[in-house]
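*Asks:* Okay, here's the prediction I keep looking at, along with the sequence it came from:
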Amino acid sequence: MDRYLKAPLDREEVKTLKAGDYVYITGTIYTARDAAHLRMSQALDRGEKLPIELEGNVIYYMGPTPAREGRPIGSAGPTTASRMDKYTPRLLDLGLTGMIGKGKRKPEVTEAIVRNGAVFFAAVGGAGALLSKCIKKAEVIAYEDLGTEAIRKLEVENLPVIVVIDSQGNNLYEEVLKHQ
């Protein structure tokens, strides 16, 4: 089923998504990878405020390539989500509503997704140049010294993703394996 969502996400609408749904996201999302997740975790440990509001927001696990002339961003493909798994339950418990990446997640992440009524989307790996066309604006908002791993605020239009783990814990990857 094709769904069109506005980001930041409405948690009640997220709860209606099902594993396997095709979703097109329009609005504001953020990028963060390994190094940015470590910094956010350290900031939380020190009792500091995060550089982004988590409630309703989506983090895209992506480190873009430099922008080509006339474009806001270079290639914008997903990175392996499991690298963020040790940080993810905490962020979900603090209000993060969606994540975009590729690959499997640990059971602790799925439990936190269900506990918080959140969602994990997959973007197609290897399609970074195509995905970048959905990004209308990009600006570094935190940890600029991390280069491509800095946190960016993105304005996206109809960014295509697939629901992999829905708010009920249904996992598209596991369902596909059952039918092979």
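*Replies:* Yep, it's here.

*Asks:* Quick check: which element contains residue 40?
*Replies:* Using DSSP states H and E, residue 40 falls within helix 34-45.

*Asks:* Can you name every helix or strand that that helix contacts?
*Replies:* helix 88-93 (3 or more Cβ pairs under 8 Å, 6 or more residues apart in numbering; DSSP states H and E). The way it works is simple: take the backbone N, C-alpha and C, and place the C-beta from them, glycine included.

*Asks:* contacts for the helix or strand following the helix it packs on?
*Replies:* Using DSSP H and E, the helix or strand that follows helix 88-93 towards the C-terminus is strand 98-101. Strand 98-101 is contacted by residues 7, 9, 14, 29, 57-62, 78-81, 84, 88, 118-123, 159, 161 when judged by Cβ atoms under 8 Å, 6 or more residues apart in numbering.

*Asks:* Buried ones only from those, please, as a ChimeraX command.
*Replies:* The ChimeraX command for the buried members of those (criterion: 16 or more other Cβ atoms under 10 Å) is given here:
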select :7,9,14,29,57,58,59,60,61,62,78,79,81,84,88,118,119,120,121,122,123,159,161
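
*Asks:* Out of the contacts of strand 98-101, which sit inside helices?
*Replies:* 14, 88 (DSSP state H).

*Asks:* Quick check: the residue nearest to residue 41 when sequence neighbours are not counted vs residue 45, distance?
*Replies:* Leaving aside its sequence neighbours, residue 41 sits nearest to residue 87 (Cβ to Cβ, 6 or more residues apart in numbering; 5.2 Å). To residue 45, residue 87 is 11 Å away according to Cβ to Cβ, to the nearest Å.
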